[in-house]
Structures are given as C-alpha cells and as structure tokens.
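J.: Pasted the sequence and its predicted model underneath.
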Amino acid sequence: SHQEMKASAIILSVFVSLTVAHLCVISPPQRGALTTSALNTPESDECYLTTGPCGGADAETPKIIVSSQDSFTVIWQKNENHWTSAAPGSWNISWAQYSEDLDFDTIVSIPDTDTPALSLYTYNLTSLTPTPHGVLQVAYIAPSLPATFYQCIDLAVF
C-alpha cells in the first residue's frame, strides 16, 4: 500500500546515511535485495551496477502497483559525488514495458550538480502507460569517470 511504501522509505532513509555506493533507489524498491547490510557497505554489489540496462539485475515480479492517473515519488541517493564542472553528468529516469529487449523512453534528464555524497533526490512521476509489468530505470551518468550506474524497479500500472 501507499502507506507501507512511505514507511519503508522512512525506515530505509535512516540507514541510507551510512552508505557510500554510487546509486541506490530507495522508493519504490529497486531490483534485488536492498538490505541494511548493503546500505552500510561501501560500493555494495546491490548499489554498484554499471552494466546497462538495469545494471544486469534480473527482472522481478512487480511488487508495487500504481495507478496511471496518480502520481508517485521516486527517491534515490547519490552515494558518491562524481560531478565536475567540465563533465557534470545527469540523472536519467526512463520507462519501458517489460520485454526481453527493453526499449526505454526517457521521462526526464536531471542535470547533476555539485551536491555532496549521500544527497537524496526525488522526482514526482505521473501518467505511466498502463501495463501488468513495466520497468522504471534510474541511471546516474557520470562522464567524469566515465561510467553510468543503473537501478531498475519493476512496477504494475493500471
């Protein structure tokens, strides 16, 4: 439920301040385990995924159901600052209906800024295409490395 999702985000936020990986999606939950141990381990395997799409994480049965008519907030964390003025990078949020070959459409590209490690970001999403299994991807594009960090969320939209 919406209340359970909020409660999970609050509980996870308490532990998030101790992690130093590169990209973790807090809410809705990212693919794979996002345990307290992972959140407290620098560059944990769960949050340090650089193979696109989705960091190579296997698709999951959607755990979250959202209405195509309602908005919801995606919360993620920048665990390490890779911003430079010469190559600032960006956060890209994309959407695809699940298939073997994911064809993502970019919803928004948010410029990276010189925010410190452990900064939380949010984006309010609306009007996703109804589907029994969709995939939301958050990518941190850090050209200063160069690297891109990926996380995906499996959602059902009605």
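T.: Everything's here; your move.
J.: ok, which stretches of the chain are strands?
T.: Using DSSP state E, the strands found in the chain span residues 23-27, 64-66, 72-78, 90-97, 105-111, 119-125, 131-142, 147-157.
J.: packing partners for the fourth one?
T.: Helices and strands in packing contact with strand 90-97 are listed as strand 105-111, strand 119-125, strand 131-142; criterion 3 or more Cβ pairs under 8 Å, 6 or more residues apart in numbering; DSSP states H and E. Bear in mind the C-beta positions are built from the backbone N, C-alpha and C, glycine included.
J.: go with 10 Å
T.: strand 72-78, strand 105-111, strand 119-125, strand 131-142, strand 147-157 (3 or more Cβ pairs under 10 Å, 6 or more residues apart in numbering; DSSP states H and E).
J.: got TSV for those, with distance to residue 99 and mean pLDDT too?
T.: TSV is the format used below for those (distance: least, Cβ to Cβ, whole Å; pLDDT from 0 to 100):
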stretch	distance to residue 99	mean pLDDT
strand 72-78	22	92
strand 105-111	13	97
strand 119-125	20	93
strand 131-142	9	96
strand 147-157	13	96
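J.: To residue 91, which of those lies closest?
T.: Across those, residue 91 has its closest neighbour in strand 105-111 (4.4 Å, Cβ to Cβ).
J.: got a markdown table for the helices and strands packed on strand 90-97, with distance to residue 84 and mean neighbour count too?
T.: What follows is the helices and strands packed on strand 90-97, written out as a markdown table (distance: least, Cβ to Cβ, whole Å; neighbours: other Cβ atoms under 10 Å):
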| stretch | distance to residue 84 | mean neighbour count |
| --- | --- | --- |
| strand 72-78 | 14 | 20 |
| strand 105-111 | 13 | 12 |
| strand 119-125 | 16 | 14 |
| strand 131-142 | 9 | 21 |
| strand 147-157 | 13 | 22 |
